[in-house]
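Student: Pasting the sequence and the predicted coordinates here, then a few questions.
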Amino acid sequence: MRGRDADPRRTRPAGCYSNSNMKHSLTRIAAAALLLPGCATLEWHKDGAAAETRDRDLAACAAKAQAEAWRFDRLPPPQVAVDAQGRVIAVQPPRQDSQRFLAEQDLLRACMQERGYTLRESAVKTN
């Protein structure tokens with residue numbers, strides 16, 4: 001309640017927070033700070049394989065995955081709608097590019113695993 005009936009002990013200037021709100025904000029900030037160092041760079045690894053061999057295999061698998069992912073790039077069926085004048089129209093829903101991207105990544109991972117590679121945390125730290 002504001003105005004002359006308001007309790008002056010309960011009002012705060014703009015921008016001031018209560019202790020509980022401040023504690024909640026600090027908890028969120030602390031949690032985010034703890035999670036940030038957990039991010040790691042992953043790379044493909046195979047015992048005895050040189051970096052050049054890995055890069056060549058990765059390029060070959062990426063090209064193969066990209067060529068095969070088209071199977072997952074199908075348009076959803078058109079939807080029937082009525083326009084403002086009452087006419088029946090067919091509307092094509094937007095493409096789901098994420099489906100093709102995920103399929104391509106799955107195909108790439110399967111190809112690399114077939115060649116004996118595993119994903120591991122990179123030995124080189126990046127910041």
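Tutor: Right, received. Where do you want to start?

Student: OK, contacts around the nearest residue to H45 once chain neighbours are set aside?
Tutor: Spatial nearest neighbour of H45, excluding adjacent residues (Cβ to Cβ, 6 or more residues apart in numbering): R120 at 4.5 Å. Every residue, glycine included, has its C-beta placed from N, CA and C. For R120, the contacting residues are L42, E43, W44, H45, by Cβ atoms under 8 Å, 6 or more residues apart in numbering.

Student: quick one, phi psi at the nearest residue to the second one once chain neighbours are set aside?
Tutor: For E43, ignoring the flanking residues on the chain, the nearest one in space by Cβ to Cβ, 6+ apart is S122 at 4.7 Å. Backbone dihedrals for S122, given as degrees, to the nearest 10, come out at phi -60, psi 140.

Student: Likewise for A50?
Tutor: Dihedral angles (degrees, to the nearest 10) for A50: phi -80, psi 160.

Student: OK, contacts around it?
Tutor: Applying Cβ under 8 Å, 6+ apart, no residues contact A50.
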